[in-house]
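Visitor: Could you work out the structure for the sequence below:
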Amino acid sequence: MYTDTHFHLGSDSYDNPEKVLERAQENDVTTFIVSGCNRLEMDEVLALAEGNEHLFVTIGYHPENASTVTEEDLSYLEEKLASSSVVGIGEIGLDYHYGKENIDQQKALFRAQLSFAEKYHLPVVIHTRDAIQDTYDILKDYNVKGVLHCFNESIEMADRFLKLGFYFGIGGVITFKNSKLYQTVEQLPLDRIVLETDSPYLAPEPYRGHKNGPWNIPIIAKKIADVKNIDVTEVAKITSHNAKQLFDLNKKL
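Guide: Numbers count the residues shown, from 1 in each chain. This next block holds a predicted model:
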């Protein structure tokens, strides 16, 4: 049985979230962590998690919102962290892909949410794009644990985050024909890897370019198993255990 530790399930992503989960369960994906990255998504995913013992939530403001998030928005986030379905803060972080015009606002938002993680002893889900060094420099100032979502860096950089106690979210990118991520995953300890789809984005081969879904987790697991020359059932077992430990999923499961 598999766990998808990071995907999106709000109205911007799918018309029928229940059918998404049903299809995933038919493909042996039985535990889900969905991300709410703005106020609308937070409300939607928290509502979906009510009464679903296999659906968990991480909430936090994505760096793309850094220029618009207010103090009131931060207070709203802090209030929602009390929900029993919330198992982490994210996805949060830094994104310089389209420029650094609001770099100070991104860093301030990142730090504010890391402070919440420290205060409430919650793991973080980190988004970092073209900003890995700044991400590392900020994270090492905080006593937090978490996962580097959609990790796609070298083993040398991974080693630095391993020493901070972080896990690595591996998704469909590992299956891409032009990706070198397999070289890093080959050397990463399996007990620090969690599976994710980032649905509806980043569908794995052979479905690249199509809408992704948590039902594709077994494809990602099979690729990791091939890279590490182990049985896919071991990947399923250990990565699900990692997710349960990191996010303290026992409180509902």
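
Visitor: all strands of this protein, in order?
Guide: Assignment of strands within the chain using DSSP state E yields the ranges 2-7, 29-36, 55-59, 86-95, 124-129, 146-148, 167-170, 193-195.

Visitor: strand partners of the fourth one, parallel vs antiparallel please.
Guide: Using DSSP bridges, the strands paired with strand 86-95 in its sheet are strand 55-59 (parallel), strand 124-129 (parallel).

Visitor: and these as TSV, adding mean neighbour count?
Guide: No exception for glycine: its C-beta is placed from N, CA and C like everyone else's. As requested, the strands paired with strand 86-95 are exported to TSV (neighbours: other CB atoms under 10 Å):
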stretch	mean neighbour count
strand 55-59	26
strand 124-129	26
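
Visitor: In CSV: the strands of the chain, plus mean pLDDT and distance to residue 157.
Guide: Putting the strands of the chain into CSV (pLDDT from 0 to 100; distance: least, CB to CB, whole Å) gives the following:
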stretch, mean pLDDT, distance to residue 157
strand 2-7, 98, 19
strand 29-36, 97, 23
strand 55-59, 98, 23
strand 86-95, 97, 14
strand 124-129, 98, 10
strand 146-148, 98, 9
strand 167-170, 98, 11
strand 193-195, 98, 15
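
Visitor: Pick the most deeply packed of these.
Guide: strand 146-148 (a mean of 29; mean count of other CB atoms under 10 Å).

Visitor: Direction included, what does it pair against?
Guide: Partners of strand 146-148 in its sheet, by DSSP bridges: strand 124-129 (parallel), strand 167-170 (parallel).

Visitor: Between strand 29-36 and the longest one, find me the angle.
Guide: Relative orientation of strand 124-129 and strand 29-36, computed by axes from the mean of the first three to the mean of the last three CA atoms, to 10 degrees: 70 degrees.

Visitor: closest to residue 233 out of the strands of the chain?
Guide: Taking CB to CB, strand 2-7 is the member of those nearest to residue 233, at 10.4 Å.

Visitor: Given that closest one, what are its sheet partners and their directions?
Guide: Per DSSP bridges, strand 2-7 is paired in its sheet with strand 29-36 (parallel).

Visitor: on that earlier part again, dump the strands paired with strand 86-95 to a markdown table, plus distance to residue 5.
Guide: As requested, those are exported to a markdown table (distance: least, CB to CB, whole Å):
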| stretch | distance to residue 5 |
| --- | --- |
| strand 55-59 | 9 |
| strand 124-129 | 8 |
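
Visitor: Please name whichever of the strands paired with strand 146-148 is nearest to residue 96.
Guide: strand 124-129 (6.8 Å).

Visitor: all helices of the stretch 151-253 of the chain, in order?
Guide: 155-162, 181-187, 217-228, 232-247 (DSSP state H, counting those that start in this stretch).

Visitor: Looking at those helices, which is nearest to residue 50?
Guide: The nearest among these, by CB to CB, is helix 232-247 at 17.9 Å.

Visitor: residues touching residue 208, list them.
Guide: Shown in contact with residue 208 (CB atoms under 8 Å, 6 or more residues apart in numbering): 172, 175-176.

Visitor: For residue 165, give its distance to residue 147.
Guide: 11 Å (CB to CB, to the nearest Å).

Visitor: actually residue 245, sorry about that
Guide: From residue 245 across to residue 147, the span is 11 Å (CB to CB).

Visitor: coming back round to it: adding distance to residue 185, write the strands of the chain out as CSV.
Guide: Output for those, formatted as CSV (distance: least, CB to CB, whole Å):
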stretch, distance to residue 185
strand 2-7, 15
strand 29-36, 20
strand 55-59, 23
strand 86-95, 20
strand 124-129, 17
strand 146-148, 13
strand 167-170, 6
strand 193-195, 7
